[in-house]
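# Here is the input, now give the coordinates:
(one chain, ligands or ions: 1)
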Amino acid sequence: MNCQSPIVVALDYPTMAQSLEMAKRLDPSQCRVKVGKELFTTAGPAILDELHKLGFEIFLDLKFHDIPNTVANAVCVAAKAGVWMVNVHASGGRRMMETSANALQKLDHKTLLIAVTVLTSMDQSDLIEVGIDLTPEQHVKRLARLAQSSGMDGVVCSAQESSILSSELGKDFVLVTPGIRPAGSDQGDQKRIMTPTQAMAAGSHYLVMGRPITQAADPIAVLTQVNRDLGVC
Ligand SMILES: O=c1ccn([C@@H]2O[C@H](COP(=O)(O)O)[C@@H](O)[C@H]2O)c(=O)[nH]1
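You can find the predicted model right below:
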């Protein structure tokens with residue numbers, strides 16, 4: 001299913017049953033879905049088959065971060081499972097990203113490989129605590145340049161950095177932005193946020209939305225409204 005919407009719904013649930021209950025209410029022509037650490041840890045690779053059977057394109061958000069050989073092999077397993085997108089941590093370095101990109105190229109699968117820059121839950125004080133004396137924007141730019149020159153298709157960043165990355169790295173470099181909060185919704189643990197409309201205007205390609213949809217009284221109404229506001233679907 002080729003979805004016109006930029007929305008990727010984060011299926012962050014503690015059981016396969018709960019995630020499938022939500023997935024069955026969603027329409028694969030109106031959003032993609034994301035399988036992250038919580039769901040994958042409880043459900044395993046079987047969840048990918050179930051979501052594929054429902055017609056969804058899947059972002060497998062496991063943020064691999066390990067030695068080059070281990071990450072490259074994990075990325076290839078994900079690609080062979082048919083996921084639409086998979087990610088690694090850019091801070092794993094050039095060799096880790098290049099080895100993964102090269103391994104993926106040898107496969108027939110057209111999986112997008114992207115790198116996480118600075119988690120959207122982090123602000124400058126969090127960076128200082130882990131020894132990085134840069135603003136989030138400076139560190140995101142540094143990691144995104146490294147990711148691009150290491151063969152990544154794009155990065156995960158906050159929408160607050162989309163505009164600068166889009167002009168510096170080009171419009172084809174895929175920008176996937178979590179930390180999306182419709183006006184008035186709870187920020188939760190996210191620090192660098194933007195509304196869906198602001199994020200698209202800033203140059204984001206895909207908007208990851210979890211709790212504002214999944215914890216809403218009427219998740220489908222929220223998704224439908226966001227798609228309407230964005231002029232898609
Ligand atoms: O920098 C990052 C990278 C990944 N995420 C993931 O996106 C969703 C966001 O969920 P919300 O409920 O909309 O906050 C979640 O699965 C994270 O693991 C991120 O938030 N930031």
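# Going by neighbour count, list what's buried in the helix or strand hosting residue 97.
Residue 97 belongs to helix 94-105 when assigned by DSSP states H and E. Neighbour-count burial for helix 94-105, counted by 16 or more other CB atoms under 10 Å, picks out 96, 97, 98, 99, 100, 101, 103, 104. Just so you know, the C-beta spots here come from the backbone N, C-alpha and C atoms, and that holds for glycine as well.
# I'd assumed residue 207 was in a strand, is it?
Yes - assessed by DSSP: H, G, I helix; E, B strand; the rest coil, residue 207 belongs to a strand.
# That one and residue 197 touch, don't they?
No - with contacts counted by CB atoms under 8 Å, residue 207 stays clear of residue 197, the gap being 9.9 Å.
# more neighbours, the two?
A count of neighbours by other CB atoms under 10 Å puts residue 207 above the other of residue 207 and residue 197, at 26 against 15.
# so what secondary structure elements neighbour the helix or strand following the helix holding residue 97?
Moving toward the C-terminus from helix 94-105, the first helix or strand encountered (DSSP H and E) is strand 112-116. Strand 112-116 is packed against strand 85-89, helix 94-105, helix 136-149, strand 154-156, strand 174-177, with contacts defined by 3 or more CB pairs under 8 Å, 6 or more residues apart in numbering; DSSP states H and E.
# May I see the ones you listed arranged in JSON lines, with mean pLDDT and distance to the ligand as well?
Output for the helices and strands packed on strand 112-116, formatted as JSON lines (pLDDT from 0 to 100; distance: least, CB to the nearest ligand atom, whole Å):
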{"stretch": "strand 85-89", "mean pLDDT": "98", "distance to the ligand": "8"}
{"stretch": "helix 94-105", "mean pLDDT": "98", "distance to the ligand": "17"}
{"stretch": "helix 136-149", "mean pLDDT": "98", "distance to the ligand": "10"}
{"stretch": "strand 154-156", "mean pLDDT": "99", "distance to the ligand": "5"}
{"stretch": "strand 174-177", "mean pLDDT": "99", "distance to the ligand": "8"}
